[in-house]
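In: Need coordinates for the below:
(chains A, B and C)
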Amino acid sequence: MVQGQSKTPSSSTLIFFEQVYELVKLIPRGRVTSYGAIARALGSAQSSRMVGWAMNVCHQYETNIPAHRVVNRCGLLTGQHHFGTPNVMQALLENEGVRVKNNKVVDFKSVFWNPMQELTKDL
DNA sequence: AGTATGACTCATT
DNA sequence: AAATGAGCCATAC
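Out: Down below sits the predicted model:
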């Protein structure tokens, strides 16, 4: 648990991050999800931006987070610029079988993974 | 303390 | 249907 120096998330935010990370790590290979879906699954439906922010700083907490599987609600790879190189995100997705065209996930609705599905699968 | 920004999303025009 | 504005939450300056 290393707290970032530049980014200093509050304790509440930090907990939120952990939930986001756990959920993101649960995303099956070859599937993607959206920030809003994650935010909603965590109860903060309007905090989709916070999810994106969590992804932004996720690399400084854990590098095992498949942030490339998280796109916006349109399936656009909006965060590709934050992967160091813009082609990494698309490459990772295509490597998992997710077709990406013009920075957008092809057949997004088909590869979309609903986090609520995992959270409510037992309910 | 107030303004500006952001890996978003929804509502209205 | 596309484009524009506003809402949202937290951080950075």
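
In: In terms of pLDDT, where does whichever residue of chain A sits closest to DNA strand B sit?
Out: The nearest approach of chain A to DNA strand B comes at A:G79, 1.9 Å away (C-beta to the nearest atom of the strand). (Glycine included, C-beta is placed from N, CA and C.) Note on A:G79: pLDDT of 93.

In: roughly how far apart are A:C58 and A:F16?
Out: A:C58 sits 12 Å away from A:F16, going by C-beta to C-beta, to the nearest Å.

In: try A:M55
Out: From A:M55 over to A:F16 the distance is 12 Å, taken as C-beta to C-beta.

In: what's the burial count for A:M55?
Out: For A:M55, the tally of surrounding residues (other C-beta atoms under 10 Å) stands at 22.

In: Make sure I have this right: it is in a strand.
Out: No. Membership of A:M55 in a strand is not supported by DSSP: H, G, I helix; E, B strand; the rest coil, which gives helix.

In: I'd assumed A:R69 was in contact with it.
Out: No. Using C-beta atoms under 8 Å, A:M55 is not in contact with A:R69; the gap is 10.2 Å.

In: related to what we said a few turns ago, apart from its neighbours in sequence, what residue is nearest the residue of chain A closest to DNA strand B?
Out: Ranked by C-beta to C-beta, 6 or more residues apart in numbering and with sequence neighbours excluded, the top spatial neighbour of A:G79 is A:M55, at 6.2 Å.

In: The one you found and A:A39, how far apart?
Out: 12 Å.

In: Tell me how far the residue nearest to A:G79 lies from DNA strand C.
Out: Between A:M55 and DNA strand C the distance is 14 Å, computed by C-beta to the nearest atom of the strand, to the nearest Å.

In: what residues are up against that residue?
Out: Shown in contact with A:M55 (C-beta atoms under 8 Å, 6 or more residues apart in numbering): A:20, A:24, A:35, A:65, A:67, A:70, A:79, A:82.

In: of the residues you listed, closest to DNA strand C?
Out: A:Y35 (10.3 Å).
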